[in-house]
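Visitor: have a look; sequence and predicted model below, questions after that.
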Amino acid sequence: MPDDDAAVRAAAEEESAFSHPHVAPDATAAYGDHPDQVIDFYAPRTEDPLAPLVVVLHGGAWRAPYDRGHITPFADYLARRGFAVANVEYRRGAKLPAQGGTAPVAGRWPDTFDDVAAALDALPDLVRTAVPQADLRRTVLTGHSAGGHLALWAAARHVLPADAVWRTSGPAPLRGVVALAPIADFAMAEKLDVCGNAALQLLGGDEKFADRQPYADPALLLPTGIATTLVQGRADVVVPQAVAEAYADAAAKAGEVVGLTLLEEVGHFPLIDPAADACAVAAEEIAQLAW
């Protein structure tokens, strides 16, 4: 458990990140029939004829109350820095509490993964109409918290087990992935009870976890061959630093170098808070891959 000072700081950081008004997109397109199967697009606030595309996957422990709305200020922040942005929605857990708990259940199996795969597959055609100035050759995936997990997973579909329905024949044409405080290693996340056993719930509970983990855990889907950077606050009490470090260690053991940017006195939410200096660091890491 965090100490009192850490808890107070974490609460203040969360309040700041959620204090910004939601920013309406320039266009929205559906990639499926479900109401959650949509992508919001933000045009770059620049005169350049072509701009890198950043695909954003929001966090919220894969739980229903947290939709893409809370990350729209971050999407707008990136657009104002010259990126085209695609903010992806996906199906999350049911609104009912998990068994034995009070929080809504985290994620849906396989729906959450179905949606992220379908959104990424549909994205090239959708973005050409919604944001024609987006340069698909300079696409970077980013995501925060549970969305960081999904970004890492989406970039690793070509190394999924052979029988995985989401597996692709080759790596996605990405410049790279920037995962912000990601739930990147499920074994470590469960050891630390991250977000109230959210990863366990995402995979269907104790009876399903071990069988489904090879299809869902980014730490088991290495190496990807795709440039990857993790940005992590050292003071994060929501998804602690140890989770990112476990993923980086797994990558190293697989023969892959993963960047790990650690920010002093930064918690979980400043990474997507336009009012925080850490948000500029996150944007710069994206720019390093995109340009």
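Guide: Arrived safely, thanks for sending.

Visitor: give me the mean pLDDT for the longest helix along the chain.
Guide: Longest helix in the chain, counting residues (DSSP state H): helix 111-130. Helix 111-130 shows a mean pLDDT of 98.

Visitor: contacts for that helix, please.
Guide: Residues from elsewhere that reach helix 111-130, judged by Cβ atoms under 8 Å, 6 or more residues apart in numbering: 26-29, 31-32, 34, 36-37, 39, 41, 53, 55, 57, 62, 84, 86, 88, 90-92, 134, 136, 150, 153-154, 157, 166, 172, 202, 215-216. C-beta here means a position set from N, CA and C on the backbone, and glycine is covered the same way.

Visitor: so where's the stretch 51-200 of the chain shaky on pLDDT?
Guide: 98-101 (pLDDT under 70).

Visitor: which parts of it are helices?
Guide: For the stretch 51-200 of the chain, the helices defined by DSSP state H, counting those that start in this stretch cover 72-80, 111-130, 146-154, 186-191, 198-202.

Visitor: mind giving me the packing neighbours of the shortest one?
Guide: Okay, so that is helix 198-202. Here helix 198-202 touches helix 186-191, helix 206-216, going by 3 or more Cβ pairs under 8 Å, 6 or more residues apart in numbering; DSSP states H and E.

Visitor: dump the ones you listed into JSON lines; add mean neighbour count as well.
Guide: As requested, these are exported to JSON lines (neighbours: other Cβ atoms under 10 Å):
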{"stretch": "helix 186-191", "mean neighbour count": "20"}
{"stretch": "helix 206-216", "mean neighbour count": "15"}
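
Visitor: rewinding a little: show me what counts as buried in the longest helix of the chain.
Guide: By neighbour count, with 16 or more other Cβ atoms under 10 Å as the criterion, the buried positions of helix 111-130 are 111-120, 122-123, 126-127, 130.

Visitor: before we move on, the earlier item: nearest to G259 among the helices of the stretch 51-200 of the chain would be which one?
Guide: helix 146-154 (12.7 Å; Cβ to Cβ).

Visitor: neighbours around S19, how many?
Guide: A count of neighbours around S19, defined by other Cβ atoms under 10 Å, yields 10.

Visitor: let's number from 13 now, not from 1
Guide: With the count now opening at 13, the last piece we talked about shows up as S31.

Visitor: my guess is it is in a strand, correct?
Guide: No - judged by DSSP: H, G, I helix; E, B strand; the rest coil, S31 forms no part of a strand; its state is coil.

Visitor: check which helices and strands the strand ranked longest in the chain sits against.
Guide: Looking across the chain with DSSP state E, the single longest strand is strand 146-156. Applying 3+ Cβ pairs under 8 Å, 6+ apart, one finds that strand 146-156 contacts strand 63-69, strand 96-100, helix 123-142, helix 158-166, strand 188-192, helix 289-302.
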